[in-house]
Structure formats: structure tokens, C-alpha cells
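K.L.:
Provided below are the primary sequence and the corresponding predicted coordinates.
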Amino acid sequence: METNHKNAVLHKANTRGYANHGWLESYHTFSFAGYNNPERVHFGVLRVLNDDRVNGGMGFGTHPHHDMEIISIPLEGDLEHKDSMGNLAVIRKGDIQVMSAGSGISHSEYNRNEGEAVKFLQIWVIPNQRGVTPRYDQVTLNPADRHNNLQQVVSPKADDKGVWIHQDAWFHLGEFDKDVKTSYNIKKEGNGVYAFILKGSFTIDGQVLDTRDGFGITGVDSIDISSLSDGAEILLMEVPMQLPVF
């Protein structure tokens, strides 16, 4: 796809993979399950970006994972989590959930409410080490801190803002008024940034992006971001571009 940036990849919303299982609707930015696109396997260590809608009372039964950092960002409704470590939790909009699958974990995710759908992003990041002790964590963030600002929600450090993962990656959420301009500086040399538009429209380094578009940029030190609509929401994911060798 054409972009205005030589080191960029553009994934328009309507080009994503799609699966409808009745109880679940899922859009896949990268290859996942029955969606296999050899040109869209990953962006650096960003392996999965699923945009899910689960009907009331339905969900994902208990299933295993290993050696993956799994981040869930609720957009609407309540999502109930259970896992083999004994955790039972509910995440809602404003929360960020992380599960380090490591040496192995099983979990389930269900829509807690019968009468309304739950919508959330499920994101997988390839970790920088294998066989870590599995863990679960979630935090509740203040949405006001992302008004006309990029609020950090994921980092590599346990004592930093948001949740932490086993990878040199940083995620930020922002909600902007129309015509607000900001910039994002790359935190680690060699990392790239993948932007996913949750709502509204933005330009990033001159590329116009609309709701659910994705845009990955590499080989830069910073990116310029301008919102084109009121209440525009964006998720920025800075990740290493080099896959780990285990």
C-alpha cells in the first residue's frame, strides 16, 4: 500500500482479516487462526492485534499459551478473566491487563454481562526471554491523563507507569481534541512504532489515518501526530523490530 513515508506500512481498516463465529466477531491486523496473510505476520515483535467483539454471556473457554506477552485493552463492557494460577478478575474500559504466558498458563475470558457485548483489543508481543514464570497483572488508569496527551500504559519496567512486559516495548493511549498536535520520541534505538486508530482521524508524519487503520513506522527518532477530529483516540505501540533469537 502506498504511504507518504518510505519506512512505513499502512494497514487500512477494511483490509484486515475478519472472522465471525456468531458469538465472536474478530478483526485481525496480523495473521491469526484462519487468517493467513504472509505479508502480515508481524510488525517487529508485535505479533497479534485483534479487535474483538463478544456477545453477552459468551467467551473464550480455557485454553493454553506459552512464551507470549498478552495484553488486553477493554473498550466497552466487562471482561471476566480466570487462569490456572487462581486469578479471577474483571477488566473494564480504563483498565489494562497483562498476562506473561512464559513456561505455560491456561486461561479463559468471558463477557460478564448477558445483555451487552464486550469489545476489547487483544495484543500479543513476542517476549525477549523464554520460559519465564507465568504472571498476571492489571491496572486501572485515569482516562483524564490521556486527554490531549499520550498516557503510558505498557513498559518494560515494573516500577514504571502502566503494566510491564518482558520486552523493550512501550504503549501509549491518547484522546485528543481536534487540531491538537503532539510528537512521540522513540525510547530505544532500533525500535519502530505501530499506531492503531481507535476512533476518529489523525495524521502521522503526513499520513491520514481513520478509525481502525494501522500504521507502522521504522527508522525514525520521532513521529509527529495531529488529530483531525474531536475525541480522536489512538494507541501507539513502540516495539523492537528485531525478533529475538532463542
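P.N.:
That came in fine, so what should we check first?

K.L.:
Every contact and neighbour count from this point should use C-alpha atoms.
P.N.:
Fine.

K.L.:
which phi and psi does the residue most central in space within the chain have?
P.N.:
A centroid search over the chain (Cα atoms, centre = their mean) returns I123, at 4.4 Å, as the residue closest to the centre. Here is the backbone geometry of I123 (degrees, to the nearest 10): phi -120, psi 130.

K.L.:
And it, how far from S100?
P.N.:
According to Cα to Cα, to the nearest Å, I123 stands 12 Å off from S100.

K.L.:
Find residues that contact each of the two.
P.N.:
Listed as contacting both I123 and S100 by Cα atoms under 8 Å, 6 or more residues apart in numbering are I70.

K.L.:
related to what we said a few turns ago, I am assuming the residue nearest to the centre of the chain contacts V45, so please confirm or correct that.
P.N.:
No - with contacts counted by Cα atoms under 8 Å, I123 stays clear of V45, the gap being 10.9 Å.

K.L.:
ok but D145 is inside a helix, no?
P.N.:
Yes - per DSSP: H, G, I helix; E, B strand; the rest coil, D145 lies within a helix segment.

K.L.:
Run through the residues that contact it.
P.N.:
So D145 contacts Q151 (Cα under 8 Å, 6+ apart).

K.L.:
so how far is G94 from it?
P.N.:
Where G94 is concerned, D145 sits at a distance of 11 Å (Cα to Cα).

K.L.:
Output the below-cut-off pLDDT ranges for the chain.
P.N.:
1-6 (pLDDT under 70).

K.L.:
Name whatever forms a beta bridge with S183.
P.N.:
S183 has these beta-bridge partners by DSSP bridges: D224.

K.L.:
Y110 now?
P.N.:
As for beta bridges, Y110 partners with G59, E80 under DSSP bridges.

K.L.:
Just confirm it contacts M58, I think it does.
P.N.:
Yes - applying Cα under 8 Å, one finds Y110 in contact with M58, separated by 5.7 Å.

K.L.:
Those two: who's more crowded?
P.N.:
More crowded of Y110 and M58, by other Cα atoms under 10 Å: Y110, with 20 against 17.
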